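Student: please find the sequence and the predicted model below.
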Amino acid sequence: MIRWLVLINHIYSVKMPTQTSSQLQRLYPPDGLITLSVFTDKPALQLYTGIWLQGPPNRSGDYYGKSAGLALETQFLPDSPNHPEWLPG
């Protein structure tokens, strides 16, 4: 099995159809036992891969290794207070 150790810490601008909360993303593992759905009314999504995640126990009794997780954070774009055109209409 090839394992990629990639650090991603990037913000993505997303086009929302309305100002109400909408489903932006859905993630699930190969076994399908859990699902993560992300809903937001914010114009940006921060993605961070867990390259520094190493050691906490996982649900199968083993331990997580590098890049075994990720974080998705919805937010406004950085510097948006200085760019009113970036804020939702």
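Tutor: Okay, I see it.
Student: now do the strands in the protein.
Tutor: Along the chain, counting by DSSP state E, strands occupy 9-13, 22-27, 36-40, 44-49, 70-75.
Student: how about the residue nearest the centre of the chain: what's its closest non-neighbour residue?
Tutor: What sits nearest the mean C-alpha location of the chain, by Cα atoms, centre = their mean, is residue 72, with 1.9 Å. In space, residue 72 comes closest to residue 38 once its chain neighbours are excluded; the distance is 5.3 Å by Cβ to Cβ, 6 or more residues apart in numbering. In short, each C-beta sits where N, CA and C put it, glycine included.
Student: ok, the one you found - contacts?
Tutor: 23-27, 45, 72, 74 (Cβ atoms under 8 Å, 6 or more residues apart in numbering).
Student: before we move on, back to that, quickly list what the residue nearest to the centre of the chain is bridged to.
Tutor: For residue 72, the beta-bridge partners under DSSP bridges are residue 47.
Student: cool, residue 37 as well?
Tutor: residue 26.
Student: I'd say it and residue 28 touch.
Tutor: No: using Cβ atoms under 8 Å as the test, residue 37 is too far from residue 28 to be in contact (9.3 Å).
Student: just name the shakiest helix or strand of the chain by mean pLDDT.
Tutor: One helix or strand of the chain scores below all others by mean pLDDT, DSSP states H and E: strand 22-27, with a mean of 80.
Student: and the closest residue to residue 57 other than its chain neighbours, what does it touch?
Tutor: Excluding the flanking residues, the one nearest residue 57 by Cβ to Cβ, 6+ apart is residue 63, at 5.7 Å. Residue 63 makes contacts with 54-57, as judged by Cβ under 8 Å, 6+ apart.
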